[in-house]
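> Any chance you can model this:
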Amino acid sequence: MRIIFLNSMEKKSGEQMPSGAQVWIGEDEGVWRMGWNELTADEEDETVWYEGESWSELLHVYRHRLAVKLGEGFRPVIDGIFHEREEGKGKAALAQKLVFYSELNPNEALFTELSAWRRRRAAAERKAPYLIASNRLLRLISVFQPRTRDELLQLPGVGESKSAEYGDELLELTQQGERSFIFPLNWVEGTLVEEDFRSWLYKQKEVKYRVEMEKFGLRRVMLEAIAEGSDVEEMCRRTGLDRRETVELLEDLEKEGYELEPLLLAELKEVPEAEQTAIWQAYEELGDTFLKPVLQRVYGAELPAESNVEKMYEQLRLIRIRYRRQGPGVRSAG
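Numbering: from 1, shown residues only. Presented below is the predicted three-dimensional model:
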């Protein structure tokens, strides 16, 4: 095997000698291999992270597995060539440190109150709770307890719009209890152990890269199914996704330029031609960003109770894929 990449890692533990490791990538007759060799006092333990023909898949696995090791405390002997560029300084870095601090110093009582407020608000507005505020934002508010609109705006995730819409209600909940610190929150950085913060950052990356790696795997399965002429139901069976998730992934594949026309025609063959034409015309008139206006234009604002709304939205998404590929005014018959 021809080694094309090799780098060394160290993990320090108190006053003990640092633990050593190496990450490597090799190639042999078109097959890529990647692994991790961890060195101990007695032996070398090798773990193969990837073996296959896809360089793209190897990179997804590499990022995820490397983030795991960095989160465990391993660091490259030579910085700057082993991983993507470290986060910069300024507001973005401070925002991450505020989130890290809030996870280290939770205020569960106030967080519970804020969560209850969010549930009430979401029910009243008929929105998903995360559209009102994320758990991360509620955690920040509960820990730093802003008392004024200006203080609220200093928390990452709060903009003028959210402050104007929900600020008064949030501040009413944060006025109670004592607060032992002041705004601005620049002091937070001085309370953190830098190495602990770096490990936390890499654990956040681990989650992000795991999602990307899993999505890449699903994408590969979908492409294989498309090449074999499978329908959406078979794709759901292979991937474990529901129909909506599968169609959304098909939309992503269309954006990447993959040919989906035979699949789309097969899935839409039961939809009457007049109905497909009406949907196409609605996209031309209303645009293809939002589905609800198109649904209402084609099927009416008040749908019968027995309507299969999920099925309607699926058809809208499938036709939207064709619309985006062919463009307004050039629809070909199914």
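> who touches stretch 219-237?
Stretch 219-237 is contacted by residues 54, 57, 238-239, 241-243, 246-247, 249-250, 252-253, 258, 260, 262-263, 266-267 when judged by C-beta atoms under 8 Å, 6 or more residues apart in numbering. Using the backbone N, CA and C atoms, a C-beta is placed for each residue, glycine as well.
> mind listing which of those are in helices?
57, 238-239, 243, 246-247, 249-250, 252-253, 262-263, 266-267 (DSSP state H).
> Give the buried subset of these as a ChimeraX selection command.
Only the buried entries of the ones in helices among the contacts of stretch 219-237 go into this ChimeraX selection, using 16 or more other C-beta atoms under 10 Å:
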select :57,238,239,243,246,247,249,250,253,263,267
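> Could you export the ones in helices among the contacts of stretch 219-237 as JSON lines, including pLDDT and distance to E285?
Listed next are the ones in helices among the contacts of stretch 219-237 as JSON lines, based on pLDDT from 0 to 100; distance: C-beta to C-beta, whole Å:
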{"residue": "E57", "pLDDT": "88", "distance to E285": "42"}
{"residue": "R238", "pLDDT": "95", "distance to E285": "37"}
{"residue": "T239", "pLDDT": "94", "distance to E285": "34"}
{"residue": "R243", "pLDDT": "94", "distance to E285": "27"}
{"residue": "T246", "pLDDT": "95", "distance to E285": "28"}
{"residue": "V247", "pLDDT": "95", "distance to E285": "23"}
{"residue": "L249", "pLDDT": "93", "distance to E285": "28"}
{"residue": "L250", "pLDDT": "95", "distance to E285": "24"}
{"residue": "D252", "pLDDT": "91", "distance to E285": "26"}
{"residue": "L253", "pLDDT": "92", "distance to E285": "27"}
{"residue": "P262", "pLDDT": "94", "distance to E285": "28"}
{"residue": "L263", "pLDDT": "95", "distance to E285": "27"}
{"residue": "A266", "pLDDT": "95", "distance to E285": "27"}
{"residue": "E267", "pLDDT": "96", "distance to E285": "24"}
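> Out of the ones in helices among the contacts of stretch 219-237, which comes closest to D150?
D252 (40.4 Å; C-beta to C-beta).
> give the contact list for that closest one.
Neighbour list for D252: R219 [criterion: C-beta under 8 Å, 6+ apart].
> For it, give its distance to Q175.
According to C-beta to C-beta, to the nearest Å, D252 stands 45 Å off from Q175.
> Check A122 too.
To Q175, A122 is 23 Å away according to C-beta to C-beta.
> what's the answer for Y62, then?
49 Å.
> what about these two, which has more around it?
Between Y62 and Q175, Y62 has the larger neighbour count (other C-beta atoms under 10 Å), namely 19 against 10.
> quick revisit: list just the nearest of the ones in helices among the contacts of stretch 219-237 to I4.
Distance to I4 across the ones in helices among the contacts of stretch 219-237 (C-beta to C-beta) is lowest for E57, with 16.3 Å.
> ok now do that closest one, which residues does it touch?
For E57, the contact set (C-beta under 8 Å, 6+ apart) comprises Y50, F216, G217, R220.
> tell me which element the third one is part of?
In this case it means G217. Counting by DSSP states H and E, the element that carries G217 is helix 194-227.
> The first one too?
Here Y50, judged by DSSP H and E, is contained in strand 44-52.
> ok, that strand: who's next to it in the sheet?
strand 31-39 (antiparallel) (DSSP bridges).
> for the partner strand, what is the average pLDDT?
Regarding strand 31-39, the rounded mean pLDDT is 92.
> shaky segments in this structure?
The model of the chain has pLDDT under 70 over residues 14-18, 41, 79-90, 329-334.
> Would you map out the domains in it?
2-76, 91-188, 213-258, 265-326 (automatic domain parsing).
> Redo the ones you listed as JSON lines? Include distance to L201.
Output for the domains of the chain, formatted as JSON lines (distance: least, C-beta to C-beta, whole Å):
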{"stretch": "domain 2-76", "distance to L201": "8"}
{"stretch": "domain 91-188", "distance to L201": "7"}
{"stretch": "domain 213-258", "distance to L201": "18"}
{"stretch": "domain 265-326", "distance to L201": "34"}
